[in-house]
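Novice: quick one: sequence and predicted model below, then my questions.
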Amino acid sequence: MSPKQITFFPEQRVLVAHLAMLLFSVLVSLSFVLGAKVANSIAPLAITFARFCIAMVLIGAVYRMRAKISLLDFQSPWRFLILGFCISTYFVLMFEGLKTAQPVSMSVVFTLTPLLAGFFDYLVVGRKMSKSVTVAVILGAFGAVWIIFEGNLNRVLDFDVGYGELIFFVGCAGHALYASLIPRLNKGETPLAQTLGTLIACSFILLLFGSQSISSNEWKDLSLFVWATIFYLAIFATASSFFLIQFATRRLSSVKVMAYTYAIPFWVAYFNWLFGGGMPEMKLLWGALLIVCVLFFLLNNKEY
């Protein structure tokens with residue numbers, strides 16, 4: 001049987017989509033662990049610029065092979081500048097936060113993104129989540145806050161949060177706003193074209209505001225591990241994850257795709273331990289258990 005004759009039943013397509021998102025969560029989780037190891041070796045603006053440039057070349061090559069280049073795909077370039085600013089803010093602040101914060105706590109902060117995305121969805125496009133999904137996302141956020149503050153109520157009341165986690169939260173707000181603006185700013189171009197336009201805008205914005213940091217960086221003195229991390233972030237945590245999301249969103253609801261955000265802290269904890277880091281304290285288990293329950297609820301939700 002030739003490859004063109006191979007077909008998947010609907011149940012198989014859904015299963016493959018879930019596996020794609022599971023792989024996505026693994027790839028993203030490794031970016032936290034590897035990013036923490038190089039965060040103090042290269043400026044956040046510089047590593048983010050290099051990452052976007054490499055990903056831009058890869059996505060541009062795929063775009064060129066799959067479709068004819070059309071200027072209509074890039075009309076109203078201000079749209080891509082807005083999207084590029086939002087997602088650039090996320091990645092730059094992610095690496096700034098990793099200078100002082102642990103990758104596990106950073107990944108837990110990332111689980112607040114669905115709650116922020118729900119807020120921006122309502123604010124920007126007037127789209128509401130159902131009551132059950134809203135409650136689940138709030139509970140997931142509560143579990144994340146429990147872990148971030150290490151299960152200490154006094155720290156919660158005093159808002160005693162680390163600089164890395166706090167600044168990354170601002171970055172996550174940028175990521176959530178980016179996700180909400182994607183459909184709003186789309187003018188009919190394909191997701192591939194929109195992503196390419198956003199990557200070009202990201203590279204331009206970072207070069208505009210971070211030219212001194214980028215040019216002053218000692219690129220030739222970077223270790224092989226730092227370069228390997230940069231290429232991993234560009235190829236797997238950016239370009240490949242884009243394709244996995246595009247594949248899954250055609251087969252799964254946005255709620256189920258969003259649910260895999262809650263799996264990332266557990267992969268981060270595992271990879272952090274695998275690379276010689278410690279495991280989270282047992283008192284944080286309750287927050288982790290709550291996040292797991294929210295994950296399974298969203299994956300089994302029949303409303304979406």
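Specialist: Nice, thanks for sending it over. Numbering: from 1, shown residues only.
Novice: can you give me the helices for the stretch 51-200 of the chain?
Specialist: Counting by DSSP state H, counting those that start in this stretch, one finds helices in the stretch 51-200 of the chain at the ranges 78-97, 103-110, 113-120, 131-148, 153-157, 163-185, 191-216.
Novice: of all those helices, which one comes closest to Ala17?
Specialist: When these are ranked by proximity to Ala17, the top entry is helix 191-216, at 15.4 Å, counting by CB to CB. Any C-beta I mention is one placed from the backbone N, CA and C, and that applies to glycine too.
Novice: where's that closest one relative to the chain centroid, distance-wise?
Specialist: 17 Å (CA atoms, centre = their mean, to the nearest Å).
Novice: now for it, which elements pack on it?
Specialist: Judged by 3 or more CB pairs under 8 Å, 6 or more residues apart in numbering; DSSP states H and E, helix 191-216 is in contact with helix 44-66, helix 78-97, helix 241-249.
Novice: and those helices, which is most packed in?
Specialist: helix 78-97 (a mean of 22; mean count of other CB atoms under 10 Å).
Novice: just the C-alphas of it, formatted as CSV.
Specialist: Coordinates of each C-alpha in helix 78-97 appear next as CSV, following Å, rounded to 0.1, in the frame of the first residue of the first chain:
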residue,chain,number,x,y,z
TRP,A,78,1.6,46.4,11.9
ARG,A,79,-0.3,43.3,12.9
PHE,A,80,2.9,41.2,12.9
LEU,A,81,4.7,43.9,14.9
ILE,A,82,2.0,43.7,17.7
LEU,A,83,2.2,39.9,17.7
GLY,A,84,6.0,40.0,17.6
PHE,A,85,6.2,42.4,20.5
CYS,A,86,4.0,40.2,22.6
ILE,A,87,5.8,36.9,22.0
SER,A,88,9.3,38.6,22.1
THR,A,89,8.4,39.9,25.6
TYR,A,90,7.6,36.4,26.7
PHE,A,91,10.8,34.8,25.5
VAL,A,92,13.1,37.6,26.7
LEU,A,93,11.6,37.7,30.1
MET,A,94,11.7,33.9,30.3
PHE,A,95,15.5,33.9,30.0
GLU,A,96,15.8,36.9,32.3
GLY,A,97,13.7,35.0,34.9
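Novice: and that helix, how far out from the chain's middle?
Specialist: Relative to the centre of its chain, helix 78-97 is centred 11 Å away, using CA atoms, centre = their mean.
Novice: neighbours around Trp273, how many?
Specialist: Look at Trp273: counted by other CB atoms under 10 Å, it has 14 neighbours.
Novice: so which of the helices and strands packed on helix 191-216 comes closest to Ile182?
Specialist: Comparison of these against Ile182 by CB to CB identifies helix 78-97 as nearest, at 7.0 Å.
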